[in-house]
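1. Fold the following and give me the result.
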Amino acid sequence: MHAPSPLGRLALSLALAAFSASCALPVAAHPPGHHPSLRTPGTPPGIVLPPTDEDVPAPPAWDGVAFRGGVVSVSHPLAAQAGRDVLARGGNAIDAAAAIQFMLNVVEPQFSGIGGGGFMMIHLAHRHRTFAIDGREKAPAAATPTQFVLTDVPAAQRFTIASTSGLSVGVPGTLAVLDHALRRYGTIRLSEALAPAIEVAEKGFRINRFLAANIANDGGRTGFQPETAAVFRPGGVPLADGALLVQPDLAKTFRLIARHGPKVFYQGEIAQALVAAQQRSRTPVAAEGVGRMTLQDLADYRVVERDPVKVDYRGWTVADMAPPSSGGLTVGQMLEMVERFPMGDAGQGFGFGSPTTLHVMTEAMRLAFADRAVWMGDEDFVPVPKTGLLNPEYVATRSAMISLTSRMATPAAGNPLPYDTAATGNRNVRLAPEKEDTEQRPSHTTHYSVVDKWGNVVSFTTTIEATWGTGITVPGYGFLLNNELTDFNFDPAFNPATGNPGANDVAPGKRPRSSMAPAIVFKGREPVLAYGSPGGATIINSVFNVTLNLIDHGMSIQQAINAPRLSVTSATGTVSCEGVEPFMQPKFSVATQDALRSLGHLVPGAAGANGCTATIGSVQGVVIDLRTGRQYGGADLRREGTVLGLKRVKAQGPKDRDKRDERDDETDD
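-> Coordinates of the predicted model:
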């Protein structure tokens with residue numbers, strides 16, 4: 001049987017996929033095995049019939065609910081409430097995003113905050129303009145390409161030592177992003193966006209199981225720094241699930257910013273405390289591990305507005321983050337590589353979770369990550385061949401390396417320079433596979449998505465890099481410092497003899513390569529979807545998985561988020577896959593895993609074993625139904641994902657579908 005048109009399948013799924021959550025409560029999971037069919041069996045290819053009553057299974061509690069006044073999808077209910085309240089008071093998506101981020105600093109301090117950075121993708125409806133505010137951290141002026149080549153430290157241990165020392169602290173950009181966004185595109189003052197977070201930091205909140213687990217596990221460190229321990233492990237006892245967390249120092253910091261603006265952070269008393277705090281180091285490299293940031297580095301920090309990377313995938317435009325993030329280019333390459341395959345056509349073996357589908361996805365990931373390792377970095381410092389990397393002819397040469405019968409040998413990066421109109425100089429390079437770090441680099445981040453009643457959209461990924469960042473809390477000010485500079489190459493890669501540009505080598509003032517991929521998907525000029533994920537390099541693959549789920553597999557936003565994910569983040573191609581949580585449906589079966597093993601893929605576990613035990617990402621997304629104007633959300637149960645909205649549309653049964661436009665409940669919900 002042929003697959004229906006992906007465009008028709010997605011259009012129908014968007015019309016049917018209504019999702020909401022009760023006020024300040026996590027979303028409900030799909031019941032195991034609940035994946036409604038979105039087409040009638042036996043219809044000709046390319047034809048999607050309207051669903052009949054028999055086609056629509058008994059819906060979950062949230063099915064059929066939509067909003068008209070704006071939707072937020074966030075990984076924590078208190079942050080979702082902060083954003084929804086701003087929308088309810090007449091604020092726009094940018095205003096809500098600022099309030100959400102400040103609240104996340106309070107309720108998810110281990111993942112993001114003003115000590116870190118991020119990328120805010122924005123679509124302004126009235127201008128039909130889509131762009132990103134780049135608030136990525138920057139290397140200080142004293143940074144050098146060899147600063148992570150630590151004396152007498154084995155390569156396998158360098159990341160742990162560097163990531164918990166001031167040496168890895170980049171000049172933070174999150175506060176600058178929020179200030180810039182509010183001044184240029186918001187309607188409320190910075191102090192108004194800070195107010196909800198100040199109240200919760202002062203009065204406290206009951207921590208959830210995710211924060212409690214992160215407090216109990218310090219991310220492989222030898223222990224929290226004293227100021228961090230005093231907040232989260234008072235008296236040496238880790239705060240447990242449900243414990244009250246009060247953060248008076250953070251509240252004080254937010255009050256200073258509300259009163260004096262971001263200048264107090266980048267040039268005033270907070271700046272002085274921040275620079276002093278990043279002098280912390282770890283043995284055995286105490287002197288080498290000291291941070292190099294100065295007050296001048298903070299005073300010089302500026303955000304940059306950038307155009308997104310855009311790719312066409314089966315008639316939908318996917319806009320994503322440009323360099324210094326590798327997110328948009330890598331996701332774009334993978335989508336273009338798999339477009340020649342009939343993804344979503346179960347009759348040809350390309351249904352969701354089939355061995356063939358997962359095999360093609362894995363090979364595309366390996367090829368794209370090989371290119372990422374060589375060519376992608378901060379384009380303010382190195383020429384990134386964006387045009388060449390996404391050139392259809394170049395991508396076709398990469399896709400042609402994918403065989404359906406076996407896993408390819410470890411691929412080297414390709415050479416996009418002959419396909420790049422902006423490239424200059426020698427276009428003949430001889431690249432070998434990149435040497436990979438021997439130590440795993442964990443990373444936790446936050447993503448949230450917002451749409452307002454006017455159709456403005458924000459897709460924002462924000463981070464302090466690893467869980468707890470460096471683990472260094474600025475004494476007396478209550479916020480954690482990032483360890484983002486560990487995203488640079490630890491060993492310089494620049495090699496003129498082979499043509500390796502060293503795109504991600506450390507340099508003064510340079511932004512490290514990121515994986516963050518805040519996406520907005522368009523139909524023509526109009527935004528339809530916005531989503532993204534945390535998870536270090538797996539961010540790219542989470543966004544890739546969800547995009548295929550929506551466009552090729554015809555899932556609703558919540559189904560696409562609930563579905564188990566697969567990830568490969570290097571050319572060597574060790575597979576990480578999910579399947580433990582009950583809401584992940586359908587599972588990747590052991591038989592499917594064995595089929596991948598038989599093709600040569602490095603799936604954890606022996607034959608007959610379930611190796612899909614990972615947790616990958618935490619996607620939060622919003623949807624705009626272009627036919628009706630209704631807005632939906634999907635949130636991830638891998639964290640405490642929450643969707644809240646305004647002007648709820650009453651759910652109706654299938655027989656009342658045609659009457660829904662006449663039965664809207666315009667009261668707030």
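2. what's the domain layout of the chain?
-> 8-36+65-204+246-327+447-646, 328-417 (automatic domain parsing).
3. quick one: which of the ones you listed has the weakest pLDDT on average?
-> Of all those, domain 8-36+65-204+246-327+447-646 carries the lowest average pLDDT, namely a mean of 91.
4. Off-centre distance for that one?
-> Put simply, domain 8-36+65-204+246-327+447-646 sits 4 Å off its chain's centre (C-alpha atoms, centre = their mean, to the nearest Å).
5. before we move on, the earlier item: make a markdown table out of the domains of the chain and add distance to Arg233 and mean neighbour count.
-> Where you see a C-beta, it was placed from the backbone N, CA and C, and this is true even at glycine. Converted to a markdown table, the domains of the chain look like this (distance: least, C-beta to C-beta, whole Å; neighbours: other C-beta atoms under 10 Å):
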| stretch | distance to Arg233 | mean neighbour count |
| --- | --- | --- |
| domain 8-36+65-204+246-327+447-646 | 12 | 22 |
| domain 328-417 | 37 | 21 |
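6. right, and those - which one's nearest Gly236?
-> Gly236 sits nearest to domain 8-36+65-204+246-327+447-646 of all those, at 15.9 Å, using C-beta to C-beta.
7. possible to save the domains of the chain as JSON lines with distance to Asp218?
-> Formatted as JSON lines, these follow (distance: least, C-beta to C-beta, whole Å):
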{"stretch": "domain 8-36+65-204+246-327+447-646", "distance to Asp218": "7"}
{"stretch": "domain 328-417", "distance to Asp218": "29"}
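8. For Gly235, which of the ones you listed is the nearest?
-> domain 8-36+65-204+246-327+447-646 (14.5 Å).
9. Asp95 versus Leu194, what's the distance?
-> Leu194 sits 12 Å away from Asp95, going by C-beta to C-beta, to the nearest Å.
10. Ok, Leu602 next?
-> Per C-beta to C-beta, Leu602 is found 46 Å from Asp95.
11. and if you look at Tyr313?
-> Per C-beta to C-beta, Tyr313 is found 31 Å from Asp95.
12. Now do the buried residues in stretch 232-244.
-> Phe232, Arg233, Pro238, Leu239, Ala243 (16 or more other C-beta atoms under 10 Å).
13. did I read that right, Ala132 in a strand?
-> Yes: using DSSP: H, G, I helix; E, B strand; the rest coil, the secondary structure at Ala132 is a strand.
14. Centroid-nearest residue for this protein?
-> By C-alpha atoms, centre = their mean, the mean C-alpha position of the chain lies nearest to Ser533, the distance being 2.6 Å.
15. what ranges do the strands span in the stretch 151-300 of the chain?
-> Using DSSP state E, counting those that start in this stretch, the strands of the stretch 151-300 of the chain run over residues 205-206, 244-245.
16. so which of those strands gets nearest Val451?
-> Closest among these, using C-beta to C-beta: strand 205-206, at 26.1 Å.
17. Okay, now the sheet partners of the closest one, with direction.
-> Paired neighbours of strand 205-206 in the sheet (DSSP bridges): strand 244-245 (antiparallel).
18. pLDDT on the partner strand, on average?
-> 98.
19. Please state the offset of the helix or strand harbouring Glu336 from the chain centre?
-> Here Glu336, judged by DSSP states H and E, is contained in helix 327-338. Distance, stretch centre to chain centre, for helix 327-338: 15 Å (C-alpha atoms, centre = their mean).
20. can you put the strands of the stretch 151-300 of the chain in JSON lines and add distance to Met337?
-> Shown next, in JSON lines, are the strands of the stretch 151-300 of the chain (distance: least, C-beta to C-beta, whole Å):
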{"stretch": "strand 205-206", "distance to Met337": "44"}
{"stretch": "strand 244-245", "distance to Met337": "45"}
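21. circling back: which helices and strands does the helix holding Glu336 pack with?
-> On a contact count with 3 or more C-beta pairs under 8 Å, 6 or more residues apart in numbering; DSSP states H and E, helix 327-338 meets strand 309-313, strand 316-320, helix 355-375, helix 386-389, helix 392-399, helix 538-551.
22. Next one: Ile624 from Pro534, what distance?
-> Ile624 is 23 Å from Pro534, by C-beta to C-beta.
23. what do you get for Gly476?
-> 28 Å.
24. ditto for Ala82
-> 19 Å.
25. Just the C-alphas of stretch 559-575, formatted as CSV.
-> C-alpha atoms of stretch 559-575 as CSV (Å, rounded to 0.1, in the frame of the first residue of the first chain):
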residue,chain,number,x,y,z
GLN,A,559,2.1,11.6,19.7
ALA,A,560,5.2,12.9,18.0
ILE,A,561,6.7,13.9,21.4
ASN,A,562,5.6,10.7,23.2
ALA,A,563,7.1,8.4,20.6
PRO,A,564,10.5,6.8,21.5
ARG,A,565,13.5,8.4,19.9
LEU,A,566,16.7,7.1,18.4
SER,A,567,20.0,9.0,18.3
VAL,A,568,23.5,8.7,16.9
THR,A,569,25.8,11.7,17.6
SER,A,570,29.0,10.7,15.8
ALA,A,571,30.3,9.1,12.6
THR,A,572,31.3,6.0,14.6
GLY,A,573,27.6,5.5,15.1
THR,A,574,26.8,4.0,18.6
VAL,A,575,23.1,3.9,18.8
